[in-house]
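Engineer: Got a predicted structure here, sequence first:
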Amino acid sequence: VQRVGKVVAIELQRGTARSIERRWLCVHLRMTGRLLCSPAGEASVERKARYLRARLELDGAVLLFCDLRRFGTLRLCRSIDEAAPTGLDPFSPELTSQRLGALLRNGKQAIKVWLLRQDRLAGLGNIYASEVLFAARIDPRRPASSLDRTEVGRLYRALRRILNKAIQHCGTTFSDFQDSRGEIGGYRRFLKVYKREGMPCARCGERIQRLVQQQRSTFYCPSCQTL
Ligand SMILES: [Zn+2]
């Protein structure tokens, strides 16, 4: 099992040692998707599987895909590259601060909107885009190309630090998300701005504000993240 951008890619094989056929099952969980693995014969896992949308029988296990809101997708691909977004992964060794600066240089969009595009940088969603910009003290409305080298450096470090910590804590849970072990995401308690409109900024005490950029909410501190 691998992650490419926001996609969970599961390698499947069939056949004999002489002729193995390989496919990649590429799963995008979106908002409420959830993968459950049930070792064969373990009926208790299947009983717990609410909102079951797909059931895949593998050798020695059953893979279940549950999704309350049905935004999730499953794709069968011949290679992992088919599923991979074109953007660089934030953890790729190719993504250096210099490379990020070069990518940002032509960005006319607001930095928050730019960060959500999967064709330059893959894997960053709405929650972490706000959190990363707060950590880097960059106003979400700034044009991507306006960031200077110091700011790009701060953004680069915040990106890796926050995503690393979020992964360690199994992400952020708001409604009923659970990971494949049935655990909820523990990163929610570390959120500094997301869904904290009107609450005091942890850094300066100013009230966190919300604005809408391309129909998505952005949360920021107007005092720490100045234009
Ligand atoms: Zn602040």
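Structural biologist: Cool, the structure landed. Residues are numbered from 1 along each chain as shown.

Engineer: Correct me if wrong: Lys192 contacts Ala135.
Structural biologist: Yes - at 7.2 Å, Lys192 and Ala135 qualify as touching, with contact defined as Cβ atoms under 8 Å. C-beta here means a position set from N, CA and C on the backbone, and glycine is covered the same way.

Engineer: Return the helix or strand in the protein with minimum mean pLDDT.
Structural biologist: Using mean pLDDT, DSSP states H and E, helix 43-48 stands out as the lowest-scoring helix or strand of the chain, at a mean of 79.

Engineer: Please name the spatially closest residue to Arg70 (chain neighbours excluded).
Structural biologist: If you skip the residues right next to it in sequence, Arg70 has Arg53 as its closest partner in space, 6.8 Å away by Cβ to Cβ, 6 or more residues apart in numbering.

Engineer: And the helix or strand harbouring that neighbour, what does it pack against?
Structural biologist: Following DSSP states H and E, one finds Arg53 within strand 52-58. Under the contact criterion of 3 or more Cβ pairs under 8 Å, 6 or more residues apart in numbering; DSSP states H and E, strand 52-58 touches strand 61-67.

Engineer: Tell me the buried residues in the strand it packs on?
Structural biologist: Within strand 61-67, the residues scored as buried using 16 or more other Cβ atoms under 10 Å are 62-67.

Engineer: Around the ion, pick out the residues from the chain.
Structural biologist: With Cβ under 5 Å from the ion as the criterion, the chain meets the ion at residues 201, 203-204, 206, 221, 223-224.

Engineer: so where's this structure shaky on pLDDT?
Structural biologist: Scanning the chain for pLDDT under 70 picks out 41, 173-184.

Engineer: Enumerate the helices of it by residue range, in sequence order.
Structural biologist: For the chain, applying DSSP state H gives helices covering 43-48, 80-83, 97-105, 111-116, 126-135, 149-168.

Engineer: Go through the ones you listed and pick out the most buried.
Structural biologist: Burial of the helices of the chain is given as mean neighbour count (mean count of other Cβ atoms under 10 Å); helix 126-135 ranks first at a mean of 24.

Engineer: and it with helix 149-168, angle?
Structural biologist: Per axes from the mean of the first three to the mean of the last three Cα atoms, to 10 degrees, the angle that helix 126-135 makes with helix 149-168 is 140 degrees.
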